[in-house]
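Visitor: Sharing a model that was predicted from the sequence below.
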Amino acid sequence: MNAVPALARARGFTFIELMITLAIMGTLAMVAVPMAQVALQRDKERQLRLALEEVRGAIDAYKRAADAGRIKLTLGDSGYPKKLDDLVDGVPDQRSPRKQNMYFLRRLPRDPFAARESGNAGSGAAASWFKRSYASPPDNPAEGEDVFDISSRSSTLGLNGIPLKQW
């Protein structure tokens, strides 16, 4: 008669119950991981889109300042910055009596996709971008003496089906 109370106190899960619980948890994990990867991709694409807008806006502002005569140009210059760092480092304002520097960006954002893929995490932010020169044709962009446009160096396909290089 003592055996019945001992069995009643020794309650626990059966092997079948544990296996069913593990199967349910495994199924949930298989669904959650791809959703987390898509959310991470979406966030990095948002960061890329914002960085492209910011830098392209600064390049356009630099060009407007050059066209207005505020940036010293030599014969044959396009009016676009020679390098991306000029947007952060500043250039002398030719219309300012003291030739104070004009700045177009506080800091140059890094391409969120290029840092991990190309292994250049230690290099500057300017190296993370592909730079297109004003002299290069749109169907065959290439780097050159100035920076007309930038794009990602990543070969990743965006969630919209367009390669990030073409954004």
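Guide: All right, it came through fine. Fair warning: this is a prediction, and the values are worked out from it, not measured in the lab.
Visitor: how about low-confidence regions in this structure?
Guide: Applying pLDDT under 70 to the chain flags residues 1-10, 115-123.
Visitor: which helix is the longest one in it?
Guide: Looking across the chain with DSSP state H, the single longest helix is helix 15-67.
Visitor: C-terminal to that one, what's the next element?
Guide: Sequence order places helix 85-89 as the next helix or strand after helix 15-67, per DSSP states H and E.
Visitor: buried ones in stretch 73-92?
Guide: Neighbour-count burial for stretch 73-92 flags 78, 79, 80, 81, 84, 86, 87, 91 (criterion: 16 or more other C-beta atoms under 10 Å). C-beta: built from backbone N, CA, C; applies to glycine.
Visitor: typed the wrong thing, it's stretch 54-65
Guide: Neighbour-count burial for stretch 54-65 [16+ other C-beta under 10 Å]: 54, 55, 58, 59, 62, 63, 65.
Visitor: Name all residues that make contact with the first one.
Guide: Taking C-beta atoms under 8 Å, 6 or more residues apart in numbering as the contact definition, residue 54 lies against 105, 109.
Visitor: so how far is residue 79 from it?
Guide: Counting by C-beta to C-beta, to the nearest Å, the gap from residue 54 to residue 79 is 20 Å.
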